[in-house]
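Engineer: got a sequence here, can you model it:
(2 chains)
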Amino acid sequence: MLSEDTTDLWARQFHVTDQEQSNAKFVFPRWANYLLPLILLGAMGGAVYVPAVVGLGLNPNTLNQNYQPKQPIPYSHELHVGQLGLDCTYCHTSVNQAGFAAVPPVETCITCHNPAEGSGVKKLSPKLEPLHRVYLPYLDRDSGYPTADAGSEDRPNPSNPDQGKPIEWIKVHDIADYAYFNHAAHVTKGVSCVSCHGRVDRMGEEGVYQVENLSMGWCLECHRAPEKHLRPPSEVTNLSWTPLDDPEVIEAIKNGDMKEGDVDAAQLLVGLRVKEQYNVHNAAYMQACSTCHR
Amino acid sequence: MIEPNLTASEDLQGQRYWRSLDEYSNSPELLDKIAQEFPEYNPDELLGMSRRKFMKLAGASMALAGLSLTGCRRWPKEKVVAHNTRPEGTLPGVPEMYASMTQRGGVAHGVFVTSFDGRPINVGGNPLHPIVGDPEKYASGELKMGAADAFTIASILDMYDPDRSRSVVKYSGGDRKRSSWDEFAGAVSGLKADSKIAVLSEANSGPTFADVKKGFLKHFPQATWTTWEPLHRDAEIEGSMRAFGQPMRGQYDVSKAMILASFDSNFLGDHAAAAKHARGWAKNRLSCDEGKMSRVYAVGPALNQTSSNADVHMQVKPSTVAAMLEQLAIEIGVEGLDSTISLGEAETVFIEKLAKDLKEHQGESLVVVGSGQPATVHALAWSINYKLGNLGKTVSMTQEPAVEDGLCVESMSQLVEQMNAGDVDTLLILGGNPVFDAPADLDFAGALGKVGNKIHLSLYENETSIACDWHLNEAHYLECWGDGRAWDGTICLQQPLIEPLFNGKSAIEVLAMIGHDDATEGYDLVRRSLSSSLKAGKYDVATSSWPGAPVGNPAEKAWRSLVHDGVLLGSSFPLRAAKPVGASGTNISIATSEMQLAFRQDSKAYDGRYANNGWLQEIPELITKITWDNPAWISVDDALEHDLQNGDVIKIEADLGNGVQGELDCAVMITPGQAPGVVVLTLGQGRTYGGRIATGVGFNTYQVRGSQGQGTVYAASIKKTGQTHPLATTAIHHLIDTSKLGPDALSGGKDRDGTGAMAAWALDKRVGKKPGDEGMLIKQTSLKDYKKYLEKLEKNPHAKSFANDDAHGDVSLQLYDAPLADEFAERAEMLKKRAEEMVANGELDAELVEGWEPAEQFNDKHAWGMTVDLTACMGCSACVIACQSENNIPIVGKDQVIMSREMHWGRVDTYFRGKPEATRNFKVNKDDSDVVDAVHLPVSCLHCENAPCEQVCPVAATVHDTEGLNTMVYNRCIGTRYCSNNCPYKVRRFNYFDYHSKLDSDSFRNSGGPGGISNNPWLKMPDQQPGDVIDQIRRMVFNPDVTVRMRGVMEKCTYCTQRIQRAKIEAKARWAENKTAAEALPAGPEKTKRLAELDDYPYVQDGDIVTACAAACATGAITFGNLNDPKSKVAQLQNKNKRAYKLLEELNARPRTQHMGLVRNPVKA
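Structural biologist: Just a heads-up that it's a prediction; the model follows:
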């Protein structure tokens, strides 16, 4: 409700008195007739534009979900991890100690796939050619393919300019440069590989692909309620683990404290326990900007 | 540019603090600048815009925002390049530290280099080095990092300088042709053993250099050797020869000196052992809390790092310095002098007081003379020190290795003579830039033309390279093996951290190559020459080993630990007994009425070698806060006499000796506190062929530095030319605007129209009401008053402020403080309880907990805080550069600095008080008001708990985290700059452009336009995404742990959040791993025990996190740590030290960084 003074002021400002107001007759100009269709058109356009922008922006494609680049060597996690049972940390050794889960050096592959040794696994497979090319000092002059009679690292062979060079893998999980992620901080406290990378043990020669969208909202989902994702740190590399495997859960089901097959309740039980045990921070800390941005 | 009004009315002067002459005179232009948050921004254009136009533009930009696809761009495909063979013990992505060294002027400075995946990114001081570090304190855990000065820290930028020379170059007849090392080797292999070779080398104290040199001279018996350093210590060495009969070097132990007298010296700043001096100095300053303190006297032509921190200082002409020292010698009774010195009143008082103090402190005092003074003055100082019983106590003598090839100027003159006489066939110049920096009267460039074959090894192609036939590209010190000796003689090892980026070679490698040495690799040369120091047998070059030296061999072990430590402890020069042979006068007439010139090292270019280093060019100089320039410093009186304003160009004419007259056109900077009758010039700027950054910056002062006047010129003249030169000084930037904080601030600042009441109030608050009062920014007191205050506190524990009790009594807190959240109070309670429990368990000293309070807000398990001690701060700016290096801070260029757009997260403000034309800080009598003094105040983001910036951010891009960091989220910032507007401390910096991607040299330096400034500097900026444009070489210097900011976002100090996170993650991940291992144990007592051990939360221990600024600080003025840990040093300081105060406390912003008041030990009038 405007006070009288204000109304007066308002009137004086626009030089309109009551008298003038009642006498004036306002007629819309002719062009105003076109306004309605224009507004309608705009509204219809907006109805398409806004959902399109929002939809495209949040599209998994935009966020690069399912991104699966072709790698220089068709390494199959399915074979090595899923079937042969290699542990993740056999190759990604630094995952417990460093921010970066190191991609293994050529050396690591060579421990099994040494073309110079009689027992070298699949040593003649053409799929391993890029690996052997950077490892071996000698190339077969006819085939251009590494021969088995390798020299040593100390005797580099000028005929093989690629010797000693690294393999350039394509980064699949690439978060923005202004966000910082540290593997050790997560893995040592019970965040499993599978939570972010999915079932890598089922990804074959086509290469690893991005399962989650890696958006900030997705990160925060866990940072707000870590108990929904935590598991005992001893189980982080066990990609097929479910909370129903936990001894405490089995005990609870046996005692009838929990329904059989209730995964959510089981996860909550395990998650809260791990959270307590490992002093996982409260939600306020985990959502503070400096936790990920620097 | 603001022209200071030097004749400000009386009532505006007095005991108040000001940063520039503009502020002193409260010029209207300056007030206008304060009023504008973002200077040079013209709001008229916006205000004059019609509402309609504004809506049109806003609508259009909104509509187009969607079309530009800015949000939908994929970032480039990245590769993971794993090792082929991972070196043992390395983890990708984990930084490693290596010890090495860098050499300047023949003195080795130990460095600690951080390397990230094989890429050095950061240089700090080696804590094991006896000068920049302290081996004992390192062993006891007290010292984590050695000190590093600005030059050392910034030297990493030189390595990644895109302007560095990238290959061997052959010049013939004005033709520049790329060549190769092979071609050069072929060319010099024909040098006959009897050819007349002259070698002109930079000083190098390394045993390896001496070793290779010996071999070289053996191969070429006719060769002559000259060592040239433009910042030589000829006078100092000659002085010691006069005094002791042989050249000797003084090793000062400042920590034992209670009375220090500096005669035209800057032993805290530009001395080769400055870091050690600074640490010793700080020890006797910080003891003020125990009621005792050293006293520093300083006399020199202008304020410098030593005198601006001195208790008693006086500025006089260089010739008077000599006379004053002579008078001092007479007063303390040095024999053999005639007493005929007549000094002015103030000079006499100064010397009287100094003599009295010195006599009372025999054996614990020190008199130091600077390298600008002639040899006679140095010799006299030794007699004084001897008379006072200081020799062997506060100063010990060792050998002086720098004289092997004779004194610099002398041997340089001889070389030029030889060259002119045609006695030199081949001249090999190892490093340096003699064409630019040789004494001007010798005409080195002319003599060079008479030499047939000229070879120049250098990091850059410079003025000397283009006058030679061969330019060889030198390896940076981080790329090659080498060694050197520290100031005290300790052998330091230089190990490379990276392969030479451009296939450069070091000086020893080039010498070995030309001298047909059997070893050619730097590694072999170094190991061979160090074999005697390491007590190893004859080194075998072919196998790169000492024969019969398996890994377990003691020599091999010693070598490895030398590589690890970077220093060979115990290898310092043996101390020598010394006694002066007799004193004599200085023979310097003080009657000279002519203008005198004093030469100093440049705070940016050193002697010219760092001129292409942008970090250094943009660092504000200590006193004048000049960036990108080296104007001549001139006193207020001389400026008035010659009618000069800042930036006016003068012509300096000087007699160079040998009958040569030199002249120089140079801009002036009027400097408070400077002595009339002397012009101070810094050396090294004004390069004509120095790279994109160096070329054209400043003035070449070598033009007036002749062989007779290397330190001081006693007869020169100046003349106004009428030209002007723009100067970029930051002294008028980021002024703290207290004028809006008055009692009637709510009335909308009506005061600006000239009633004056509020301005006066603000001035009072900023600077203190009456002489002796403290201001809101700086709290300063004398030792006597401080002791009195501490006594008073014992009677009345509520006495408010250490300097003056009721100075701020009438001011109510100005910012609204939201009521404390329950969780904070609860947590504080919890933290206190925990501390008490720990005391009960005997885990914590009860004394530590008494009087300690946890942080009130944002008090998670850690609550970060900092203290900056003004008593220990010397204002050297090493912290500013260290921050720049750690946090990927760009340089912006001169034009942008003039617009107040420099990006440094931290700054060191120098406040003066008193009268700018005064030349001393002590009173001759009680009513004397003719005094001036300086105080250095470092300011960066204070991480206020009640942060004004956070309250105005519309997008919550700056918010607190749970540990009290005021975080800045770059990806959320939309660049409104409201936060900066609302920050009372002016610590936020805005990226107006993608400064990192600027490549165009013109956008760094002034260019075009009237007055040398381009009218629209922004038009020249390549305005693109950093990734596309930043030079591939230059981007290698980035710290990968810190986001590289792009244009349009605000940034500021983060307390090195990346270092905090690293320490926390490391501690917690180790703890969690151990816990998992313990959990896996079978149930039993062992498991219970191990789990119990891991029960407590893994706190980061005090000292585990050292911020970049604190690490660089030589005096330990910066302390960082956890306020919630009663054991931490910062918690103890903030809670218990009576000097701790909050900057502008009245605002109630409640900063987490507290400053510690300045205590000085002045003399009574």
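Engineer: every contact and neighbour count from this point should use C-alpha atoms.
Structural biologist: Will do.
Engineer: how about the contacts made by residue B:95?
Structural biologist: B:114-117 (C-alpha atoms under 8 Å, 6 or more residues apart in numbering or on different chains).
Engineer: longest single helix anywhere in the chain?
Structural biologist: Unless you meant another one, I'm taking chain A. Counting by DSSP state H, the longest helix found in chain A is helix A:35-58.
Engineer: wait, I meant chain B there
Structural biologist: Per DSSP H, chain B has its longest helix at helix B:1057-1079.
Engineer: quick one: contacts of it?
Structural biologist: So helix B:1057-1079 is contacted by A:96-97, A:184-185, A:188-189, A:233-234, A:278, A:290-291, A:294, B:1041-1042, B:1087, B:1090-1091, B:1094, B:1098-1100, B:1104-1107 (C-alpha under 8 Å, 6+ apart).
Engineer: out of those, which end up buried?
Structural biologist: A:96-97, A:184-185, A:188-189, A:233-234, A:278, A:290-291, A:294, B:1041-1042, B:1087, B:1090-1091, B:1094, B:1098, B:1100, B:1105-1107 (16 or more other C-alpha atoms under 10 Å in any protein chain shown).
Engineer: how far off centre is the host helix or strand of residue B:63?
Structural biologist: Using DSSP states H and E, residue B:63 sits in helix B:51-67. Chain-centre distance of helix B:51-67: 47 Å, with C-alpha atoms, centre = their mean, to the nearest Å.
Engineer: that helix to helix A:35-58, inter-axis angle?
Structural biologist: 40 degrees (axes from the mean of the first three to the mean of the last three C-alpha atoms, to 10 degrees).
Engineer: now helix B:51-67: buried residues?
Structural biologist: Per 16+ other C-alpha under 10 Å, helix B:51-67 contains no buried residues.
Engineer: list the helices and strands it packs on?
Structural biologist: Applying 3 or more C-alpha pairs under 8 Å, 6 or more residues apart in numbering or on different chains; DSSP states H and E, we find helix B:51-67 packed against no helix or strand.
Engineer: for residue B:427, what are phi and psi?
Structural biologist: The phi and psi values for residue B:427, taken as degrees, to the nearest 10, are phi -110, psi 120.
Engineer: same question, residue B:259
Structural biologist: phi -120, psi 120.
Engineer: what about the residue nearest to it when sequence neighbours are not counted, distance to residue B:524?
Structural biologist: Residue nearest to residue B:259 in three dimensions, not counting chain neighbours: residue B:365, with 4.6 Å by C-alpha to C-alpha, 6 or more residues apart in numbering or on different chains. Distance of residue B:365 to residue B:524, given as C-alpha to C-alpha, to the nearest Å: 46 Å.
Engineer: more crowded one of those two?
Structural biologist: Each of residue B:365 and residue B:524 has its neighbours counted (other C-alpha atoms under 10 Å in any protein chain shown); residue B:365 has more, 29 against 22.
Engineer: in stretch A:124-135, which residues are buried?
Structural biologist: A:124, A:128-129, A:131-135.
Engineer: quick check: mean pLDDT of the next helix or strand along the chain from the helix holding residue B:63?
Structural biologist: Later in the chain than helix B:51-67, the nearest helix or strand by DSSP H and E is strand B:79-81. The average pLDDT for strand B:79-81 rounds to 89.
Engineer: of the contacts of residue B:95, grab the buried ones for PyMOL.
Structural biologist: Burial among the contacts of residue B:95 is assessed by 16+ other C-alpha under 10 Å; the matching PyMOL selection reads:
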select buried, chain B and resi 114+115+116
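Engineer: of the contacts of residue B:95, which is the nearest to residue A:85?
Structural biologist: residue B:117 (30.8 Å; C-alpha to C-alpha).
Engineer: quick check: the gap between the closest one and chain A.
Structural biologist: 12 Å (C-alpha to the nearest C-alpha, to the nearest Å).
Engineer: what do you get for residue B:620?
Structural biologist: 26 Å.
Engineer: what ranges does the stretch 801-950 of chain B have for its strands?
Structural biologist: For the stretch 801-950 of chain B, strands defined by DSSP state E, counting those that start in this stretch occupy the ranges B:864-869, B:907-914, B:932-939.
Engineer: got the angle for the last one vs strand B:907-914?
Structural biologist: On the basis of the same axes, to 10 degrees, strand B:932-939 is oriented at 160 degrees to strand B:907-914.
Engineer: quick one: contacts of strand B:932-939?
Structural biologist: By C-alpha under 8 Å, 6+ apart, strand B:932-939 touches B:308-309, B:672-673, B:778, B:868, B:870, B:873-875, B:906-921, B:985, B:987.
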